[in-house]
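Engineer: Generate a structure from the sequence data that follows.
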Amino acid sequence: MTDSLRKIFECYIIPLIKNEIKYKNKVYQPLEKIIISPTIFRKIVCKEKCGACCLKYTMDFLPNEQKPKIKLTKRIFENKEIFTFYSSDKNKIYCDLLDTKTGLCTIHSLKPFSCDFEMIRFKYFKSKKNVYIGNYQYGRAWNMLKINNERGALCETINLYQEENKKEVLRKFKRLKSYIDYFQIDTYINEIIKQLEILDFEKSFYIEKGEIHYE
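Structural biologist: Numbering: from 1, shown residues only. Sure thing, here's the model as predicted:
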């Protein structure tokens, strides 16, 4: 089973660090550039009869987060307490919390951060030492397996820019901030949230050497 906390650290937190950190016996350096794409405020549409992204991952919650009424196991990750739901072996592919008849999550209103943050993507190019952050479709969406055993995820990103989209993106980044603060890592999350609050639709910015630049 994939550990969602490792994904949160490696895909969402480490690309935003301000200073060198050591994680899992590896030293990480700050990236040269963090780029917020104009796609960040796209509208995301999740559809019934899909479930293609609801695979067997750990469902993790911080101690102070509101939690669904499911069996949670306390564990230690990076010296911090985390409450985790583990799917059983009764379904070989999907999360136990997915209704495989409707393709809908049974704890949708209280879903964990790793599910909530989708489909914000950090396109992390190591060779270029930068990261592009935006709302993007899954790279292999065409090959993802739906609950009817057919290929092709049904979710969509639509170039429809509305104020409610912006509020939703801000909510997600503030939830990411709660994880960063909990693990006490120095990142650019505050700068990113501040810029997202004032950013116009279809505009972008980037952070380079601690400085904000607009495009």
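
Engineer: For the closest residue in space to residue 65 that isn't next to it in sequence, give me phi and psi.
Structural biologist: The shortest distance from residue 65 to any non-neighbouring residue, by CB to CB, 6 or more residues apart in numbering, is to residue 178 (7.7 Å). Any C-beta I mention is one placed from the backbone N, CA and C, and that applies to glycine too. Main-chain torsions, residue 178, degrees, to the nearest 10: phi -60, psi -30.

Engineer: pretty sure residue 178 contacts residue 66?
Structural biologist: No: Residue 178 is not in contact with residue 66 according to CB atoms under 8 Å; the separation is 11.8 Å.

Engineer: The two: which is more packed in?
Structural biologist: residue 178 (14 against 8; other CB atoms under 10 Å).

Engineer: Give me the pLDDT for residue 92.
Structural biologist: In this model, residue 92 is scored at 76, pLDDT.

Engineer: what helix or strand does it sit in?
Structural biologist: Using DSSP states H and E, residue 92 sits within no helix or strand.

Engineer: Break down this structure into its strands, ranges please.
Structural biologist: Along the chain, counting by DSSP state E, strands occupy 21-23, 26-28, 33-36, 43-45, 59-61, 73-77, 80-85, 98-99, 104-105, 120-125, 130-135, 156-158, 205-208, 211-214.

Engineer: Let's have these in a markdown table, adding mean neighbour count and distance to residue 150.
Structural biologist: Putting the strands of the chain into a markdown table (neighbours: other CB atoms under 10 Å; distance: least, CB to CB, whole Å) gives the following:
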| stretch | mean neighbour count | distance to residue 150 |
| --- | --- | --- |
| strand 21-23 | 14 | 38 |
| strand 26-28 | 11 | 39 |
| strand 33-36 | 19 | 35 |
| strand 43-45 | 14 | 19 |
| strand 59-61 | 21 | 26 |
| strand 73-77 | 12 | 34 |
| strand 80-85 | 17 | 28 |
| strand 98-99 | 19 | 16 |
| strand 104-105 | 18 | 17 |
| strand 120-125 | 17 | 24 |
| strand 130-135 | 21 | 25 |
| strand 156-158 | 14 | 17 |
| strand 205-208 | 19 | 39 |
| strand 211-214 | 11 | 43 |
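
Engineer: If anything else comes up later, I'll come back, but that's it for now.
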